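**Student:** Sharing a sequence plus its predicted fold:
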Amino acid sequence: MSSLKEFLPLCGILSVAKVLLLRSYRSTDFEVHRNWLAITHSLPISKWYFEDTSEWTLDYPPFFAWFEWLMSQVAVLVDPRIVDVHNLMYASPLCVAFQRGSVIATDLVLAYAVHQYCQWLRKRHTKLAFLEERLSFLWVLVLCNFGLIIVDHIHFQYNGFLMGVWLLSITRMMEGRVIMSAFLFAALLNLKHIFLYVSPAHFIYLFRVYCFPSRRKDVLTAAAPSIWTFSLLNLVKLGTTVVGVFAVSFGPFVLMRQMPQLLSRLFPFKRGLCHAYWAPNFWALYNFADKLAVIAGRRMGFNITVPAASLTSGLVGDGEHAVLPAVPPVVTAALTILTILPAMMYVWRRPVGPESFLRCLILCAFSSFLFGWHVHEKAIILIIIPMSLLAVEQPDVARIYIILSTIGHFSLLPLLFKPAETLLKTLLLLLSIVVTVRGFRLYVYPKGYEYKGLRRLEVGYVCQLVSVFLFAEVGSFLQLFTKLPFLPLMVTSVFCAVAVLHSWILFYHNTLSGGWFHTEEKQKEH
């Protein structure tokens, strides 16, 4: 992507391709966002977080509510019935076209962010082998990401827009424009609070490199932390920026004394440890272990009663374990904090440039996904997208990325559960895997650098996805799971959880061992 003349036509082609998905399956998230258009357009701001005519109440931060309000100003011109609060489950052809079109249009934010990141990367690595090819490959990995396509343009959400804001924040950090990066990330937190998962990385790195500045010209080179290198002025500028954004977002609700109600919508802990479909994380393995304990206990003669609110009921809510101890939110929070602490300490002690920030950010996303409370399976995208930025530069990360993206994207297939979408999602996933593996082999492993692909055991495990797919899809089609409807989802989740955990361990080891420094040096030689 050397210029906008090349970049814009490709964005146009991709947008046209997304239009072809206009009439595809859409989840209840479509009605969720239509209802939010109606709430923000038809009601005063004082009622936005109290309105409950629909079960799909507004539960995103204020900036996203204003984003919905802005779109509603256009929606009412397209079809006035879209913004009727009482017109539940409305999905006229005009309504569908408008909402699908709004996702495609806002994806341009992500396209612009990728272009900006590529521009920075081009300036940074002028002698990197296959530089232009790598930049084009990165464009494909991010803008044609399988997860974003099925979650946004079939299932229906606005993750591309949000990822665009996030990537812009990351890019500004890389460029040394620290205050702008902090501003964008603060705005992002007020668009969707799921990005709290990665906020520790942003906070610790901003504080470390900006409040303990080095005398060197490089803004992102930090001095040793001490009272003599601490900059109170920089802390004030950073704090004013972040606090100012939150004040604009939450200020009106503070004045209306609605913060308790707003926070109860943003953080509904009554939803339970896991989502209806378990995300492929540590808690999926924990739940599976509980099921195995029930089976083993009964065979040993113990009288074990499975709770009515079982974790395999497929419902959102407080599920209960039959044998293993219940897991309260405080335990998930403690595990998440403990598992990100090494990454935080590492970036504090060795803030050696943008790569250390990006690695800390990925590890925060990893830990939050693996150990967080009520994690959605779609949150895997928060790991895959930023890891792609590193993977196109560093061959050692490419191996981990291939495993994670293949397994992580496969774990999203149950989102499209109707038979009509089976062929489409299968072909898209296969195309994604082929392009990813082939692209890394051609462009990321330069001549003379040892190719370190997947190990035999890893290849064998990934290939078993075919067996899991056939078990879940063919079994469901033949109605083999009428008595155990949650079984194919559980098998998919547990199988993918093992690989995600493996990827996390590999990436943590790669980061803390410092091997990535040598990788960069070796690539520069070629």
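**Tutor:** The structure has been received and is ready for your questions.

**Student:** Now do the same contact list for the residue nearest to F282 when sequence neighbours are not counted.
**Tutor:** Take F282 and drop its neighbours on the chain: the residue closest to it by CB to CB, 6 or more residues apart in numbering is L370, 4.8 Å away. From N, CA and C alone the C-beta is placed, and that goes for glycine too. Neighbour list for L370: 281-282, 339, 500-501, 504 [criterion: CB atoms under 8 Å, 6 or more residues apart in numbering].

**Student:** D396 contacts T511, correct?
**Tutor:** No. The criterion here is CB atoms under 8 Å, and D396 misses it with T511 at 10.1 Å.

**Student:** Which one's more surrounded, the two?
**Tutor:** Neighbour tally, D396 and T511, criterion other CB atoms under 10 Å: the higher count belongs to T511, 22 against 18.

**Student:** what separates the helix or strand where that one lies from the chain centre, distance-wise?
**Tutor:** Using DSSP states H and E, T511 falls within helix 487-513. Helix 487-513 sits 15 Å away from the centroid of its parent chain (CA atoms, centre = their mean, to the nearest Å).

**Student:** in that helix, what's buried?
**Tutor:** For helix 487-513, burial by neighbour count (16 or more other CB atoms under 10 Å) applies to 487-497, 499-504, 506-508, 510-511.

**Student:** Repeat that for stretch 78-94.
**Tutor:** Along stretch 78-94, these residues count as buried under the neighbour rule (16+ other CB under 10 Å): 78-79, 82-85, 87, 90.

**Student:** Just the ones in helices from those residues, please.
**Tutor:** V78 (DSSP state H).

**Student:** State the pair within the buried residues of stretch 78-94 that is farthest apart.
**Tutor:** V78 and V85 (17.1 Å; CB to CB).

**Student:** okay, now R265: neighbour count?
**Tutor:** Neighbour tally, R265, other CB under 10 Å: 15.

**Student:** secondary structure element for it?
**Tutor:** Per DSSP H and E: helix 259-266 holds R265.

**Student:** Can you tell me which helices and strands that helix packs against?
**Tutor:** helix 232-255 (3 or more CB pairs under 8 Å, 6 or more residues apart in numbering; DSSP states H and E).

**Student:** Can you name every helix or strand that the helix it packs on contacts?
**Tutor:** helix 62-78, helix 178-189, helix 199-211, helix 259-266.

**Student:** so who does L506 touch?
**Tutor:** For L506, the contact set (CB under 8 Å, 6+ apart) comprises 399-400, 403.

**Student:** Now H86: closest residue in space, sequence neighbours ignored.
**Tutor:** H86 sits nearest to T53 (CB to CB, 6+ apart), 6.3 Å away.

**Student:** Please read the previous query as pertaining to T426.
**Tutor:** That would be F469: by CB to CB, 6+ apart, it lies 7.7 Å from T426.

**Student:** What strand or helix carries the one you found?
**Tutor:** helix 465-469.

**Student:** My guess is Y49 contacts F250. True?
**Tutor:** No. In this structure, Y49 is not within contact of F250 by CB under 8 Å, at 11.2 Å.

**Student:** the more surrounded of these two?
**Tutor:** Counting neighbours by other CB under 10 Å for Y49 and for F250 shows that Y49 has the greater number, 23 against 18.

**Student:** Quick check: chain neighbours aside, which residue is closest to the more buried one?
**Tutor:** Y49's closest residue in space is L262 (CB to CB, 6+ apart), at 4.9 Å.

**Student:** still on that earlier bit, of the contacts of L370, which pair is most distant in space?
**Tutor:** T339 and V500 (13.3 Å).
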